[in-house]
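J.: Next one to model:
(chains A and B)
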Amino acid sequence: MKKISEKPAKYLKVLQNTALITGIFAVLLSVMIIISFVQLKRSDPLNSKALIILNERLSANPADTQLRNEIRELDLMARKAYFTSHWQVRTGGILLFISVLVVIACYQAAGMMAPVIPSMPSSSGNDFFRIKGKKRFSVAIAGGLIILIAATMAFMPAFRLGGNGNVDQGKTTGLTTPATPTDTVLATTGTAMDTTAIPADTISSGYADISELKQNFPAFRGYAGNGISFQKNVPVKWNGKTGQNVLWKKKVPLPGYNSPVIWNDKIYLTGSDGKRNEVYCFDLNSGKIEWTTKIGSPQSLPKVNKETGYCAPTVTTDGRRIYAIFANGDLAGLDLSGRILWTKSMGMPNNHYGHSSSLIAWHDILIVQYDQSGNAFVAGFSGSTGREIWRTSRNVKVSWASPILITNKGRNEVVLAAEPFVAGYDPATGKELWKADCIGGEVGPSPAFANGVIFTINEYSKLTAVELSEKTVQLWEDSEYLSDVPSPVAFDKYLFVTTSYGTMVCYDAASGNKMWTEETGQSMYASPVYAGGNIYQLDQKGVMHIFKASGTYSVVSEPELGEGSFCTPAFANGKIIIRGDDHLFCIGK
Amino acid sequence: MMMIMSASSAVQRFPMPEFETNYSHPDTLLPSPRSEIMLWVDVAVLVIALSLVSWMVIKKRSRRMIFYTSLFSLAYFGFYREGCVCSIGAIQNVALAIVHPGYVIPVTALLFFLLPLFFTLFFGRTFCAGVCPFGALQDLVSFSPQKMGTALKSILGLLPYLYLAFAVLFAYTGTDFIICRYDPFVGFFRFNASFGMFIFGGIILLSGVFIARPYCRFLCPYGVILNLFSRISFRHIAITPSKCIDCRLCEDSCPYEAINFPVHAKTGTVNGKVRKKFIVSVIVIPALVVITGFLGSRLNETFATVNPRVALANDISNPEIMKPGSETRAIKAFRSSGRPASEIIAEADAITDKFRTGGWLLGGFIGLVTGLTISSAFSVRYRKEYTPDKGECFSCARCTDYCPVKS
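T.: Presented below is the predicted three-dimensional model:
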């Protein structure tokens, strides 16, 4: 294009030169403004080293008025310098604005003096199909790149911010459950967590309601972790060797001392050989492994006792998700189809036998008891996202016990035991509600609860019954029969205790009087479970000691599994799931 | 996204000095809101400006008149009204008002959103031509506009759609009005640009010397909507007032490269292969929408971290941040409120949930735009004349000066 001069060329030149000089001035001003901006960002007049030193001196000698004045002067200078820089930026900005205005005015004026005359383009850019092709190609590349970046961010954990869980509608209502001021005492059933204790409006689709939980076996020692099963038609006779009443028997891919849990027609458990951590889902009816989900890749192994292994903690479910934890502190939330919703490293537990505390869920909050050496705590995590909701430090020694849930005077509590105390916490906030110094040693058994009384037990310590009234009151204690692994179970008026060396004892829960004792002579690591009016106690040889849950010892049967077991059985309607040393057994009629 | 995230940390206020005397700190003075009558004056000015420019574009075809009007708009809507309320930012008010029943959009803000669309529907993008202060400012510095390569132009052309999608998503989730927060020019209008915005605005203006209206073409989210409306505008500016003589003088007249060149049937033919590709591209669009929608929903938690409440909940859940001494002011403020942590976490979960729904819509929208852009590039529309691209054309009327046909 050509330009023609309609005005004297000298005016045009002046305008162009003015625009050029002012433009250079504007660029220089911009640089200065940027430098001033950077200086302002860096300067921190209130925290200058000199002021800090002088302030420290003044603290040592508050009466020094001369020093006080010096500080004031220095403070004033620092503030002045700061605000002067501000003024410089602002003034520079105004000058820049004016200079840009001049450049624009000169340029526009010059443009009016020398308007562009239309001319024929030397070559036509009208290659329509080539342009369209380029457009298609470049947009496809850009679109593909956007999808690639989004997919990378969506699926690679390193790019994800704040976890990767799905969020279920209504789940958060469970976080703010107000305590119901009704004094619900569970005298008739003797179980923890009565339905009436949880306001109905807090039960949402984000987690199963109480009736669903009771119909299943959602945690170590069942619903609320208290050793009570609500199942009916529970088998009492089988023979693992002959196959009598054994519906199926399947090998578990990786070893583990955790116990199975049951949700509807699925069984969940974990296995680990230290190199691989896996969560399994078995079909209750066929024994088929529905899915296996690998959780992380353990980079380093904790020191564990061979009787603890790498996956002693039992998984739990809130009916919508499965939660698992392993000996290296890897914690995971999965949906019921085995898809990992989130994972979290709790840090390698400082636990000389290996971490074994099982998980439990309250509403959609996953509760983790992490009683390790030096930094013990209990924490609540959002079940859907894995986000830590609360964490409460615990001044306790290492423990291997698992949390249980109770309802104490209408208030939901999670109860934990470790030396030196048993304590109750608000499962929504983690606030410690009460504690009682009543236990010592390396605590392995979990507490039991019935009729407002907490029972704790540990080897080389004692068995105690603590009433949770306005204050915690120790009702009685006994030191004759103590357990270091199996947890007690309290039902109705009785407390059933099993020792690791195979003695089963029944106490009157209110007085502590021994009702009966029975020595089996077999080692026992599994915890007793109440089901269908009987207590089920598995010994390490695989013999199930089934007796009436009453004040008189009355054997129902002693069926054999045909395989040793360390694990506590799980109960489905009409079926019992037992994890043997190598196999998973389904007992039923 | 990175910019949004980095800027989400709050600006530190300079604390007041402590005095030992009886000095009393003056009350903080806040500017009083603009009176109702003045808000309606703004609307009236907008209507008059739109009417005038539309008349200048359609009837007078005068670039110079439009230019002078744009100077007035820059002075009034830019420096006098300090860039607020603006039609571009009003997108967010509208989005929030649609999804949030508790939010009542001011009628004047709604009019600022609707009136330019209304005029565009009749006369093309006359708002961009001479009423928008952003466009006017960029036009002033457009000293030496250069042609851009097709590839770069096509790729950058996707940005406004992305920006619009994110702006609506963040408004819908009550997170932020990012169009206002990252407005590159408002800091200049108010003489109070932050360092980041000074640099960002400066880069836009400097690039505007060589690339005509870079913000309008490659960022403006309102331009996306105006583009769609303008395509179906009732009366749009034409390069020639009567019959095009195919003189080619206007070919280089548009600094925005928004002129459709004639495509004669003899120029090229659409063979079966191209036609097949076009059909395939159209069929693929729904799949693309689902894939990008799914990816958008999967990124809900990443997007949600921009939300201050989610960020606070994340901080509260982070034991490192919660260590005594390393708490942020937000955490201290939250603690002093006495609310349980579970409450803010529940709130954050609900917001994250909203981001999942929003992520579906955002992703789906981006997939749709990409798919439609590709498939439209397969289509061929034969034309005998030089015509403005009704969607892209800012109706600035520069091309009319180049046309030798004057009546």
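J.: What segments of chain B are strands?
T.: Shown for chain B, the strands assigned by DSSP state E span residues B:259-260, B:387-388.
J.: Among those, which comes closest to chain A?
T.: Minimum separation from chain A across those (C-beta to the nearest C-beta) falls at strand B:259-260, 9.5 Å. (C-beta placed from N, C-alpha, C; glycine too.)
J.: Check whether the closest one comes into contact with chain A.
T.: No: applying C-beta under 8 Å from any C-beta of the partner chain, one finds strand B:259-260 out of contact with chain A, separated by at least 9.5 Å.
J.: Let's test this: mean pLDDT of stretch B:71-88, rounded?
T.: Taken as a whole, stretch B:71-88 carries a mean pLDDT of 91.
J.: residues in contact with that stretch?
T.: The contact list for stretch B:71-88 (C-beta atoms under 8 Å, 6 or more residues apart in numbering or on different chains) reads B:39, B:42, B:45-46, B:49, B:106, B:108-109, B:112-113, B:115-116, B:127, B:130-134, B:136-137, B:140, B:179-180, B:183, B:185-186, B:189-190, B:220-222.
J.: The closest residue to residue B:312 other than its chain neighbours: what's it in contact with?
T.: Excluding the flanking residues, the one nearest residue B:312 by C-beta to C-beta, 6 or more residues apart in numbering or on different chains is residue B:330, at 5.1 Å. Neighbour list for residue B:330: B:10, B:308, B:311, B:312, B:315 [criterion: C-beta under 8 Å, 6+ apart].
J.: what about residue B:330, distance to residue B:182?
T.: Using C-beta to C-beta, to the nearest Å, residue B:330 is found at 21 Å from residue B:182.
J.: Repeat that for residue A:264.
T.: Using C-beta to C-beta, residue A:264 is found at 50 Å from residue B:182.
J.: So residue A:79 sits against residue A:45, correct?
T.: Yes: counting by C-beta atoms under 8 Å, residue A:45 is a contact partner of residue A:79 at 5.5 Å.
J.: and for the two, which residues touch both?
T.: Joint contacts of residue A:79 and residue A:45 (C-beta under 8 Å, 6+ apart) do not exist.
J.: could I get the contacts of residue B:330 as a markdown table with pLDDT and neighbour count?
T.: Listed next are those as a markdown table, based on pLDDT from 0 to 100; neighbours: other C-beta atoms under 10 Å in any protein chain shown:
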| residue | pLDDT | neighbour count |
| --- | --- | --- |
| B:10 | 37 | 10 |
| B:308 | 89 | 16 |
| B:311 | 87 | 20 |
| B:312 | 87 | 20 |
| B:315 | 79 | 18 |
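J.: Show only the entries of those residues found in helices.
T.: Using DSSP state H, the members of these that fall within helices are B:308, B:311, B:312, B:315.
J.: Quick check: the two most widely separated of those?
T.: Greatest spatial distance among the ones in helices among the contacts of residue B:330 (C-beta to C-beta): B:308 and B:315, at 10.2 Å.
J.: residue ranges with poor pLDDT in chain B?
T.: B:1-26, B:28, B:265-271, B:317-327, B:338 (pLDDT under 70).
J.: gap between residue A:53 and residue A:63?
T.: Using C-beta to C-beta, one gets 18 Å for the distance from residue A:53 to residue A:63.
J.: Settle it for me: which of those two has more neighbours?
T.: Using other C-beta atoms under 10 Å in any protein chain shown as the criterion, residue A:53 and residue A:63 rank with residue A:53 on top: 10 against 7.
J.: any idea which element that one lies in?
T.: In the assignment (DSSP states H and E), residue A:53 maps to helix A:49-60.
J.: Show residues contacting that helix.
T.: Contacts of helix A:49-60 (C-beta under 8 Å, 6+ apart): A:45, A:64, A:67, A:68, A:70, A:71, A:74, A:75, A:78.
J.: Which among those count as buried?
T.: A:45, A:67, A:70, A:71, A:74, A:75, A:78 (16 or more other C-beta atoms under 10 Å in any protein chain shown).
J.: Need the residues you listed in JSON lines (columns: pLDDT).
T.: Converted to JSON lines, those look like this (pLDDT from 0 to 100):
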{"residue": "A:45", "pLDDT": "76"}
{"residue": "A:67", "pLDDT": "86"}
{"residue": "A:70", "pLDDT": "86"}
{"residue": "A:71", "pLDDT": "86"}
{"residue": "A:74", "pLDDT": "86"}
{"residue": "A:75", "pLDDT": "85"}
{"residue": "A:78", "pLDDT": "84"}
